[in-house]
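Trainee: pasted the sequence and its predicted model underneath.
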Amino acid sequence: MMTDLMMTDTGVRPSLASIVDTVAYPLDRPHDARLVEIVADVRRQLGAVGCARLPAFIRAEAQATLTRESEAVAHLAYRICQDITPYADHGQGDWPDDHPRRRAGTMSNGFVGKDIIPQHTMIRALYDDASFQRFVAACLSIDRLHQFADPIRGLVVNVMDAATQMPWHFDANEFIASLMTKRSSAGGVFEYCPDLRAPGDERYDDVRDVLDGNRDRVRTLELEIGDLQLFKGRYSMHRVTQTVGERHTVLFGFSELPGYIGGVESTRIGYGRVTQAHLDAEQGHADGLAG
């Protein structure tokens, strides 16, 4: 069904320099030696552990505004609470009860879609900025990134209320870029296991060890407001521990290929609604062709 849940505004979009600390991260000067060094360092981190943190990416004086932006839309989040396995399903299939494919944890959080995030916000301006897109692409060693064509999932505010969590899981997409906008007063720690599985090899025994509490391969990442995180979650199992107080992050939807629109069913489950664009894309995909 179509949604009429839209927000309009007449504000002026902030500039990149008013959002990002362009002294520490000179995104507008792609050949600057400092930025070249940063990109190389991020690539090293991603290659080593599949995760990189860029601290204080957002200017110190802009961080309070960043928090207010996510707080202003948090009440519009579609909240879900369901049990999922690390493979983002509900444990279907003929697997033994103790198999990782049947081991479900409770996912409880909410999502605010792009179509209800005001145009003049910093997070929207950052997502649309060409310099930011080029920087993320360079860090990921990709020639060019494309924004999701999905009108809901392109830019998302993830809202974790008090006493919510994201259980151990792998991502369907290879990478994600996220920005911390509100930190929980305690808990809400990002934990991950680099390269726990590999293409063509699920390594179920290693996954089971982590699910059973073995922390030998578990790394933790403490994020602060204004930190940008790049993460390759396709092969690295990860979770966010239970929160004390609210935790907000912004998820930037980028892909290597243009035109990405999420499926109707997964969008309805995650966001409680779909748009005509989702229905049209689903019809177009039925014949096996992209677009």
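Mentor: Everything's here; your move.

Trainee: show the average pLDDT along stretch 24-40.
Mentor: For stretch 24-40, mean pLDDT is 97.

Trainee: what does stretch 56-72 give?
Mentor: On average, stretch 56-72 scores 97.

Trainee: and stretch 112-129, by the same measure?
Mentor: Computed over stretch 112-129, the average pLDDT equals 96.

Trainee: also stretch 203-220?
Mentor: Across stretch 203-220, pLDDT averages out at 97.

Trainee: can you tell me the distance between the two ends of that stretch?
Mentor: 21 Å (CA to CA, to the nearest Å).

Trainee: tell me which element residue 70 is part of?
Mentor: Counting by DSSP states H and E, the element that carries residue 70 is helix 63-74.

Trainee: name the next helix or strand downstream of that helix, please.
Mentor: strand 78-84.

Trainee: pull out the buried residues from that next one.
Mentor: 78, 84 (16 or more other CB atoms under 10 Å). Any C-beta I mention is one placed from the backbone N, CA and C, and that applies to glycine too.

Trainee: what packs against the helix or strand that it is followed by?
Mentor: Later in the chain than strand 78-84, the nearest helix or strand by DSSP H and E is strand 105-112. If you count contacts as 3 or more CB pairs under 8 Å, 6 or more residues apart in numbering; DSSP states H and E, strand 105-112 packs onto helix 63-74, strand 78-84, strand 155-160, strand 166-169.

Trainee: in TSV, list these along with distance to residue 142.
Mentor: Converted to TSV, the helices and strands packed on strand 105-112 look like this (distance: least, CB to CB, whole Å):
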stretch	distance to residue 142
helix 63-74	26
strand 78-84	29
strand 155-160	19
strand 166-169	24
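
Trainee: of all the ones you listed, which one is nearest residue 271?
Mentor: Comparing the helices and strands packed on strand 105-112 by their distance to residue 271 (CB to CB), the top pick is strand 78-84, with 5.0 Å.

Trainee: partner strands of that closest one and their direction?
Mentor: Sheet partners assigned to strand 78-84 using DSSP bridges are listed as strand 105-112 (antiparallel).

Trainee: and the helices and strands packed on strand 105-112, which is most packed in?
Mentor: strand 155-160 (a mean of 24; mean count of other CB atoms under 10 Å).

Trainee: contacts for that strand, please.
Mentor: The contact list for strand 155-160 (CB atoms under 8 Å, 6 or more residues apart in numbering) reads 70, 73-74, 77, 79, 108-114, 117, 123-124, 127, 166, 178, 181, 184, 188, 240, 243, 246-253.

Trainee: how about stretch 97-104: buried residues?
Mentor: Going by 16+ other CB under 10 Å, stretch 97-104 has these buried residues: 100, 101, 102, 103, 104.
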